[in-house]
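**Student:** pasting the sequence and the predicted model now:
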2 protein chains.
Amino acid sequence: MADPKKSPPLTRDSVIAAHALIKEHIHYTPVLTNTTLTDLASTPQAPAALVGTPWVGQEPAKPIIRLWFKCENLQKVGAFKVRGAFHALKRLMTEQGWEEGGGREKGVVTHSSGNHAQALSLAARTMGVPAHIVMPTISTPSKIAATKGYGANVIFSGSTSVKREAVVEEVIKKTGARLVPPYDHPDIMLGQGTLGIELQEQVERMIASGQSEGQSQPKCSFKLDGQGKGKRKGLNAIIAPCGGGGMLSGVALSCENTGISVFGAEPEFEGADDCKRGFESGKRVEIVKTLTIADGLRTPVGVYPWSVIYERRLVRQMFSVSEEMIKKALKLVLERMKVVVEPSAVVPLAVALFNEDFRKMVEKEGGEDGWDLGIVFSGGNVSLEALGKLFEVPAEKAGRQEGKLGKDGEKVAENVAG
Amino acid sequence: MADPKKSPPLTRDSVIAAHALIKEHIHYTPVLTNTTLTDLASTPQAPAALVGTPWVGQEPAKPIIRLWFKCENLQKVGAFKVRGAFHALKRLMTEQGWEEGGGREKGVVTHSSGNHAQALSLAARTMGVPAHIVMPTISTPSKIAATKGYGANVIFSGSTSVKREAVVEEVIKKTGARLVPPYDHPDIMLGQGTLGIELQEQVERMIASGQSEGQSQPKCSFKLDGQGKGKRKGLNAIIAPCGGGGMLSGVALSCENTGISVFGAEPEFEGADDCKRGFESGKRVEIVKTLTIADGLRTPVGVYPWSVIYERRLVRQMFSVSEEMIKKALKLVLERMKVVVEPSAVVPLAVALFNEDFRKMVEKEGGEDGWDLGIVFSGGNVSLEALGKLFEVPAEKAGRQEGKLGKDGEKVAENVAG
């Protein structure tokens, strides 16, 4: 691991410097808009939708929210993680003694079965250094294959963190490889934060030109004619998912002194809202054990991210949502927006659509002009089988379902009319 | 129905005129590229992959194919059908006698439970005329709701085509509404063809700038450095799905005298490859009864489309693929490209990836320069439940699957490492 004390200071300028360092290796991912979802965000929830939530019986908020989606699901390896991996590796490589000490031959190591494993493997292959990835034996074959596909040396371990760390230690001892952690390191945070710089630039350009990228058509035109016209120059706020907090803290740094508010979004299931609880108690929650469907967000927030998110108050507030809200948001994105995202990626959208505390705040602060809200779609790595399981049709409804992709005669007749 | 004899001549210029007429109402949809899929298309299939196909034992073709995806799944109502609907309606409205005859009050009618129903409803609402949509009673509730959501008057009928046509006749008698058919009409064909004009323009621009739209990054750079460099100006060919043939014939018209070859793609299941069989026998197949998963392509090709596709030979050749190939292509697009498409939309991609007749032709004609191939993603209207059913995990594999979205302890440990 690079000595965190030698990392650049945790500032917006350092994020901009990180972007210059990695931009040739990553996709400048598109920012998409969607009329249906922006309309939905700007429509009060039905009172019935608040039953079973903390806001039951309250008058639904009436915010005006224009949504701008930063599509890191279209990033290399399907997630923002390549940003931090490339940055951490390139920083390591400029360290004094890296070449002389045989760094290029010894390579890098991490333990992960998720997006960070593939991200570091790609970064290492690109830079021509070996990557050792410690994965639990029981990882899904597709993830092992994908990691090997990037040329990494996969080493198996038991599935507890103690067992895996022991294997990592062994690898370090044997190979001299340097550890690149997934989130709890300044270089990783600065790398992930580069998506925030791009998002700010892109929305400014898109508002200025009245055009949305990637669709070549204005999509929020009804809002561009509204009372905010002329006054609007860019984003009012960004909301990003929070797992280990590497990305959220990086995005917060990218917004420092810009006037753009940054919010974090977490699942509330089984205590996955550790950062929100930390905000409330003033103390970082160190252990989390949750099986939320937002499986990228099961991690407690790390020490370095916490220092930015909470201690420096660069994140204004944390919000959480239920599993049901996450599923509803996921369904909307896949079916209406037609892009594939993983469950973790839609947690911020679920906050914007369904969390009345957040929506009341936007109503109050945004008023008639409303807010331009950046939403980070953090990744898109989900299998069709996993999605199918999430949206499984209960047995009693399966009969109805049959017709949809035609197991019966009905569909033939239906489709004659195109 | 507008008198087809009064339609503009079926030429490329008429498609361009149609585009001018409708462009304010539709999305200029993005053209996306994808390195993984372009690499896959340009890699010979494994000999083992040809087992169970007509090409078993043959040497796999070695074509070079650069893929350009026209994303009509991101079109309004989620499919190209709005192009034809807007064009047909706007043409109707300019007919002599429309206003005087009360056309605006009488409105339009069609029978469809698919994308055409929603497309016509949206066009009619936009133009301020009533739309009567005849749908089978047994249509899925979400489709009925979506059509009503566009303000259409939904009328139910039995599910056979005889019953539905009788109801349409009744509506016409009662209201004086004009019939807008889904594909078998020159105005519809010219409207659908407008996507071909856009695709040609977009690829020319993207090749010229070395950039892919919507991703702000060159994605096929390894090819831009190849032997085709400098010589490449635009597409060599377009491949589009063929159901009723309205869109395929329109795209063929959009390429007339451009030197761009146009190919059609069909499922082969239960005789869904009617247009291909028509090419072979020299006679249009009039009745098709298939339950292919590509449910938008269950229709026999219409009379007017056939005149363009076959009689005028504006489509060079038809290709077909198996259900398994369609599912493989669908999985690749959702999981690797991260966009949502319906099964019908990936039939052309399945041809490019898996049909050895097609691939051998590209190898022979494209040689070392390869081909720039436009692929029409026709639509994205598929529910998560339907996708889940398509990719259901057989019971014996379900245990393995469980881990993916975490129903067990493994995943907690896995995700600590991000």
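**Tutor:** Okay, I see it. Since the model is a prediction, treat every value here as computed from it, not as a measurement.

**Student:** quick one: A:E99 from chain B, how far?
**Tutor:** 28 Å (C-beta to the nearest C-beta, to the nearest Å). Where C-beta positions appear, they are placed from N, C-alpha and C, glycine not excepted.

**Student:** just the element for that residue, please.
**Tutor:** Under the assignment given by DSSP states H and E, A:E99 is not contained in any helix or strand.

**Student:** what's near enough to touch it?
**Tutor:** Neighbour list for A:E99: empty [criterion: C-beta atoms under 8 Å, 6 or more residues apart in numbering or on different chains].

**Student:** ditto for the one 10 residues further on
**Tutor:** Each residue near A:V109 by C-beta under 8 Å, 6+ apart is listed here: A:A131, A:H132, A:I133, A:V134, A:V168, A:V171, A:I172, A:T175, A:A177, A:R178, A:L179, A:V180.

**Student:** those residues in helices, which ones?
**Tutor:** Among the contacts of A:V109, the members falling in helices are A:V168, A:V171, A:I172, A:T175 (criterion: DSSP state H).

**Student:** domain map for chain A?
**Tutor:** The record's domain parsing of chain A by automatic domain parsing lists A:4-78+A:185-385, A:81-179.

**Student:** reformat the ones you listed as CSV; add distance to B:I238.
**Tutor:** Rendered in CSV, the data for the domains of chain A read as follows (distance: least, C-beta to C-beta, whole Å):
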stretch, distance to B:I238
domain A:4-78+A:185-385, 19
domain A:81-179, 31
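
**Student:** could those domains go into TSV alongside distance to B:H27 and mean pLDDT?
**Tutor:** Supplementary listing: those in TSV, determined by distance: least, C-beta to C-beta, whole Å; pLDDT from 0 to 100:
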stretch	distance to B:H27	mean pLDDT
domain A:4-78+A:185-385	5	92
domain A:81-179	30	93
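
**Student:** what about the strands in the stretch 151-300 of chain A?
**Tutor:** Per DSSP state E, counting those that start in this stretch, the stretch 151-300 of chain A has strands spanning A:153-157, A:178-179, A:237-241, A:261-267. These are given in chain order.

**Student:** between the ones you listed, which one is closest to chain B.
**Tutor:** Each of the strands of the stretch 151-300 of chain A was scored for nearness to chain B using C-beta to the nearest C-beta, and the closest is strand A:153-157 (10.0 Å).

**Student:** restricting to C-alpha, output the closest one in PDB.
**Tutor:** Once side chains and other backbone atoms are set aside, the C-alpha atoms of strand A:153-157 remain, and they are given as PDB (Å, rounded to 0.1, in the frame of the first residue of the first chain):
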ATOM      1  CA  ASN A 153      -3.300 -14.100 -11.000                       C
ATOM      2  CA  VAL A 154      -6.300 -15.400  -8.900                       C
ATOM      3  CA  ILE A 155      -5.500 -16.900  -5.600                       C
ATOM      4  CA  PHE A 156      -8.300 -18.600  -3.600                       C
ATOM      5  CA  SER A 157      -8.900 -18.200   0.100                       C
END
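
**Student:** each with direction, which strands does that strand pair with?
**Tutor:** Looking at strand A:153-157 with DSSP bridges, its partner strands are strand A:131-136 (parallel).

**Student:** past the partner strand, which element shows up next along the chain?
**Tutor:** helix A:141-149.

**Student:** just the CA atoms of that next one, as PDB, please.
**Tutor:** Extracted in PDB, the C-alpha atoms of helix A:141-149 (Å, rounded to 0.1, in the frame of the first residue of the first chain):
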ATOM      1  CA  PRO A 141     -17.500 -18.700 -11.600                       C
ATOM      2  CA  SER A 142     -18.400 -15.700 -13.800                       C
ATOM      3  CA  LYS A 143     -16.600 -13.300 -11.500                       C
ATOM      4  CA  ILE A 144     -13.500 -15.500 -11.300                       C
ATOM      5  CA  ALA A 145     -13.500 -15.900 -15.100                       C
ATOM      6  CA  ALA A 146     -13.900 -12.200 -15.600                       C
ATOM      7  CA  THR A 147     -11.000 -11.400 -13.300                       C
ATOM      8  CA  LYS A 148      -8.800 -14.000 -14.900                       C
ATOM      9  CA  GLY A 149      -9.900 -12.600 -18.200                       C
END
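
**Student:** contacts for that helix next, please.
**Tutor:** Helix A:141-149 is touched from outside by A:S113, A:G114, A:A117, A:Q118, A:S121, A:I133, A:M135, A:V154, A:S383, with contacts defined as C-beta under 8 Å, 6+ apart.

**Student:** of those residues, closest to A:I26?
**Tutor:** A:Q118 (13.6 Å; C-beta to C-beta).

**Student:** and the nearest residue to that closest one once chain neighbours are set aside, how many neighbours does it have?
**Tutor:** The spatial neighbour of A:Q118 that comes closest, neighbours along the chain excluded (C-beta to C-beta, 6 or more residues apart in numbering or on different chains), is A:V77 at 4.4 Å. By other C-beta atoms under 10 Å in any protein chain shown, the residues close to A:V77 number 24.
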